[in-house]
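This is the structure alone, sequence omitted:
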């Protein structure tokens with residue numbers, strides 16, 4: 001517990017430091033932007049003064065320095081107008097725009113939105129307006145924080161995806177290890193039970209009792225086989241999905257009380273599907289047990305197999321308490337359970353068997369609170 005708390009504290013410290021660093025970078029970028037913007041404003045004010053000096057100059061005035069200031073601007077786009085906003089001059093603007101009065105008006109409005117225009121007064125009744133936009137460098141700098149944020153978000157998503165994938169991989173290894181250890185632990189007493197069964201047979205014990213015990217031992221062998229397959233790639237063999245499903249259905253039917261009414265409906269023919277029989281029976285049993293639990297051991301349960309164009313759908317319906325719609329996907333998450341007891345691994349494992357091992361699909365077909373639920377497993381035909 002202390003290790004977990006320490007790890008969480010470290011994680012939050014790293015997140016906080018990252019947030020501080022990002023904030024400093026963004027603030028620094030904003031400061032640079034404002035400095036460059038003020039610098040360009042000063043350049044435009046000097047350009048405006050030079051324009052004013054040029055307009056007021058006579059033939060004896062030396063305009064050398066003024067000309068240098070006017071021609072020194074190579075990057076900042078500008079438009080000079082009279083007091084009636086009539087175009088007079090333009091610099092660093094596409095000639096196609098300067099030849100189109102409508103485009104000039106739109107550009108003037110764009111410049112006005114970017115920067116406050118500079119008023120050039122010659123005397124009390126004579127003045128001009130200088131509209132200017134951001135230089136290419138300033139425009140690029142403006143989008144730099146956005147690009148930086150996108151990069152940070154992308155890196156965060158990659159880190160999150162790596163963390164999530166690593167966590168899932170660790171969980172899978174843990175589950176596989178637990179499953180194989182369970183299979184190993186069951187194997188020892190199971191071997192002993194098989195020996196005792198042989199002794200009972202040789203002593204001519206009631207054949208009915210021996211047969212039932214034999215069924216349960218076979219069942220334990222099947223469970224052991226299932227657990228041993230978790231974490232490894234199971235072998236899939238073309239088999240009749242109806243027959244394999246019926247075996248599991250009948251086994252569970254005989255072990256639940258008469259208060260549960262069982263119905264099995266399927267086409268009277270073989271439907272071949274690539275299956276691992278042990279894992280498929282696990283899927284069916286998990287769905288049936290969940291259905292019986294939802295009905296609290298009393299109600300109607302039906303299993304319907306319907307052939308489709310490319311595959312087969314197995315519907316398991318109950319008359320239980322139902323599932324809220326917002327939980328349709330959540331019920332398949334590891335650890336999710338509505339029971340007071342249980343680890344919430346049944347449907348999660350079932351989903352893995354169906355979708356990862358058999359390349360099928362499992363979902364809640366429909367459910368109504370207080371009326372029941374229908375789950376459907378879709379598999380492809382051979």
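Nice, I can see it. Treat the numbers as computed from the prediction; the structure is a model and nothing was measured.

So residue 300 sits against residue 319, correct?
Yes - using Cβ atoms under 8 Å, residue 300 is in contact with residue 319, at 4.9 Å. (Each C-beta comes from the backbone N, C-alpha and C, glycine too.)

The two - which one has more neighbours?
Between residue 300 and residue 319, residue 319 has the larger neighbour count (other Cβ atoms under 10 Å), namely 19 against 15.

Enumerate every residue touching that one.
295, 299, 300, 301, 371, 372 (Cβ atoms under 8 Å, 6 or more residues apart in numbering).

Residue 201 in helix, strand or coil?
State at residue 201, reduced to three classes by DSSP: H, G, I helix; E, B strand; the rest coil: helix.

so how many other residues sit close to it?
Residue 201 has 13 neighbours, counted by other Cβ under 10 Å.

Which pLDDT value goes with residue 351?
As predicted, residue 351 sits at a pLDDT of 91.

Going by secondary structure, it is in what exactly?
With elements taken from DSSP states H and E, the one containing residue 351 is helix 346-351.

thinking in terms of the whole chain, how far from its middle is that helix?
In terms of Cα atoms, centre = their mean, to the nearest Å, the centre of helix 346-351 is found 20 Å from the chain centre.

With stretch 39-58 instead?
Between the centre of stretch 39-58 and the centre of its chain there are 57 Å (Cα atoms, centre = their mean).

and that stretch, average pLDDT?
Averaging pLDDT along stretch 39-58 yields 79.

got the buried residues for that stretch?
40, 43, 44, 47, 48, 50, 51, 52 (16 or more other Cβ atoms under 10 Å).

and if you look at stretch 312-327?
312, 313, 314, 315, 316, 317, 318, 319, 320, 321, 322, 323.

and those as CSV, adding distance to residue 245 and pLDDT?
What follows is the buried residues of stretch 312-327, written out as CSV (distance: Cβ to Cβ, whole Å; pLDDT from 0 to 100):
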residue, distance to residue 245, pLDDT
312, 9, 97
313, 12, 97
314, 6, 97
315, 11, 97
316, 10, 97
317, 14, 97
318, 16, 96
319, 20, 95
320, 20, 93
321, 25, 92
322, 24, 93
323, 22, 91
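
how is this structure carved up into domains?
With domains defined by automatic domain parsing, the chain comprises 2-134, 160-232, 233-380.

The last one: end-to-end distance?
Domain 233-380 has an end-to-end distance of 18 Å (Cα to Cα, to the nearest Å).

Report the distance from it to the chain centre.
Domain 233-380 has its C-alpha centroid displaced from the chain centroid by 26 Å (Cα atoms, centre = their mean).

circling back to that earlier point, which elements pack onto the helix holding residue 351?
If you count contacts as 3 or more Cβ pairs under 8 Å, 6 or more residues apart in numbering; DSSP states H and E, helix 346-351 packs onto helix 277-294.

which residues touch the host helix or strand of residue 110?
Assigned by DSSP H and E, residue 110 belongs to helix 101-114. Residues outside helix 101-114 that contact it (Cβ under 8 Å, 6+ apart) are 77-79, 81, 85, 87, 90, 93, 96-98, 117, 131-134.

Buried ones from the residues you listed, can you make that a ChimeraX selection?
Selecting only the buried entries of the contacts of helix 101-114 in ChimeraX, with 16+ other Cβ under 10 Å as the criterion:
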select :77,78,79,81,90,93,98,117,131,132,133,134
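
Among the contacts of helix 101-114, which lie within strands?
Those of those mapping onto strands are 78, 79, 81, 87, 90, 131, 132, per DSSP state E.

Wait, a strand at residue 245?
No - counting by three-state DSSP, residue 245 is not part of a strand but helix.

Identify the residues contacting it.
Here residue 245 is in contact with 266, 280, 284, 303, 305, 314 (Cβ under 8 Å, 6+ apart).

how about the strands in the protein?
Secondary structure of the chain (DSSP E): strands at 78-82, 87-91, 118-123, 126-132, 237-240, 260-265, 272-275, 299-307, 311-317, 361-368, 372-380.

can you put those strands in CSV and add distance to residue 22?
Listed next are these as CSV, based on distance: least, Cβ to Cβ, whole Å:
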stretch, distance to residue 22
strand 78-82, 35
strand 87-91, 38
strand 118-123, 36
strand 126-132, 32
strand 237-240, 55
strand 260-265, 59
strand 272-275, 51
strand 299-307, 55
strand 311-317, 50
strand 361-368, 40
strand 372-380, 46
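
which stretch among these comes nearest residue 72?
strand 87-91 (10.6 Å; Cβ to Cβ).

And the closest one, what does it pack against?
In terms of contacts (3+ Cβ pairs under 8 Å, 6+ apart), strand 87-91 is packed against strand 78-82, helix 95-98, helix 101-114.

which of these sits most buried?
Compared across the helices and strands packed on strand 87-91, strand 78-82 shows the largest average neighbour count, a mean of 19 (mean count of other Cβ atoms under 10 Å).

No further queries at this time; thank you.
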